[in-house]
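>>> Okay, structure incoming, though there's no sequence with it:
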């Protein structure tokens, strides 16, 4: 099923870069994909700054990893999320709202859906990036408001707003 996806993605004439925030799980698969389809494998466990640098330089990220997907959006790079089995990515990205819905792995036509999403991103990257950033900012404000309510339950010796982590 992956071959069909790569054949479709090659039509966009972009280099594949394989990188993961969980390299110990992904490197073997990445080397196999690069052998079959070409591209560059980041052959080590990148740190936070390495990931942000890579994500800032790519046109689009295709990912089944939550943290990589969020970091990509933080860099203004749109992401096509692929849900391998559970609802984690769908559960995070649907409320943003993010304009590119999460694709379900192994459903009928999933590789066409991923390729169509990449095409949409490449044709309107600025808008999709802006919507992703706006969605993330809304979620940060929701989280901040929830923390403020929790801090409000503490006594008067609680940290001031400027001392709080969010």
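Great, that's in hand. Given the structure is predicted, the values throughout are model-derived calculations rather than measurements.
>>> what's the pLDDT at residue 3?
pLDDT for residue 3: 72.
>>> Are there helices or strands packed against the longest strand anywhere in the chain, and which ones?
Criterion DSSP state E: the longest strand present in the chain is strand 79-83. Where contact means 3 or more CB pairs under 8 Å, 6 or more residues apart in numbering; DSSP states H and E, strand 79-83 is packed against strand 61-63, helix 66-74, helix 88-93, strand 103-104, helix 110-123. C-beta coordinates here come from the backbone N, C-alpha and C atoms, glycine included.
>>> Tell me which of the ones you listed lies nearest to residue 19.
When the helices and strands packed on strand 79-83 are compared by CB to CB, helix 66-74 sits nearest residue 19, at 7.6 Å.
>>> List the buried residues in the closest one.
When burial is assessed from 16 or more other CB atoms under 10 Å, helix 66-74 yields the following buried residues: 68-73.
>>> Outside of that helix itself, list whatever touches it.
Here helix 66-74 makes contact (CB atoms under 8 Å, 6 or more residues apart in numbering) with 19-21, 48, 51-52, 55, 58, 61, 63, 78-79, 81, 88-89, 92-93, 98, 132-133, 135-136.
>>> at 7 Å instead, please
With CB atoms under 7 Å, 6 or more residues apart in numbering as the contact definition, helix 66-74 has outside contacts at 20-21, 51-52, 55, 61, 63, 79, 81, 88-89, 92, 132-133, 136.
>>> picking that back up, show me the one of the helices and strands packed on strand 79-83 that comes nearest residue 142.
Set against residue 142 and scored by CB to CB, those come closest in helix 88-93, at 12.4 Å.
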